[in-house]
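# Everything below, folded, please.
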Amino acid sequence: MKKVLVLCTGNSCRSQIAHGYLQKFAGDKAEVYSAGVETHGVNPKAIATMKEDGIDISNHTSNNILEYMGIDFDYVITVCDNAKERCPYFPSRAEKFHYNFPDPAKATGTEEELRLEFARVREMIKKYCFDFVNEHL
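Predicted structure coming up:
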């Protein structure tokens, strides 16, 4: 079974969404983790946008990358430029991937506009995760 780590700045939105989709699409082919170079807690809007698509991430926790230093990951996926730049050295053979998704938590506007931005980014991440699983797992 492959081990996949999704890394973002605060492990609150993008990495949590990717974690949910990778887990769903990979099934028993991978063990999925997510972490941040900081921890900001799981964003309630990320939980809500995933619930809209039938995935429950309400039990996810916001974890710091240092908690996983002893795990030999096969893949590390950074989902924002900040995490890619600040990611500590991983003493492993992990193959690294990067995609800079927009941060929906930085969006402004009405509640409906925020919901739509989270859904837009969710769909981008969903497609990336689907493709990743099909190509690498």
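# Residue 39 versus the residue of the chain most remote from its centre, what's the distance?
Most distant from the centre of the chain: residue 110, at 24.9 Å, with distances by C-alpha atoms, centre = their mean. As judged by C-beta to C-beta, to the nearest Å, residue 110 and residue 39 stand 29 Å apart. From N, CA and C alone the C-beta is placed, and that goes for glycine too.
# Can you show me the strands along this protein?
Assigned by DSSP state E, the strands in the chain fall at 2-8, 30-36, 75-78, 95-98.
# Just give me how far the second one sits from the chain centre.
Put plainly, it is strand 30-36. Chain-centre distance of strand 30-36: 8 Å, with C-alpha atoms, centre = their mean, to the nearest Å.
# From the contact counts, what lies against that strand?
Packing contacts for strand 30-36, counted by 3 or more C-beta pairs under 8 Å, 6 or more residues apart in numbering; DSSP states H and E, involve strand 2-8, helix 14-26.
# could you point out where the chain is predicted with low confidence?
Per-residue confidence of the chain (counting by pLDDT under 70) places the weak regions at 82-92.
# Just want the angle from the longest helix seen in it to strand 2-8.
Secondary structure assigned by DSSP state H gives helix 111-136 as the longest helix of the chain. Here helix 111-136 runs at 150 degrees with respect to strand 2-8, directions being taken by axes from the mean of the first three to the mean of the last three C-alpha atoms, to 10 degrees.
# report the angle between the axes of helix 111-136 and helix 14-26?
If you take the same axes, to 10 degrees, helix 111-136 sits at 50 degrees to helix 14-26.
# just checking, what packs against helix 111-136?
Looks like helix 111-136 contacts helix 14-26, helix 44-52 (3+ C-beta pairs under 8 Å, 6+ apart).
# And it, what's buried?
Residues of helix 111-136 classed as buried: 114-115, 117-119, 121-122, 124-126, 128-129, 132-133, 136 (neighbour count, 16 or more other C-beta atoms under 10 Å).
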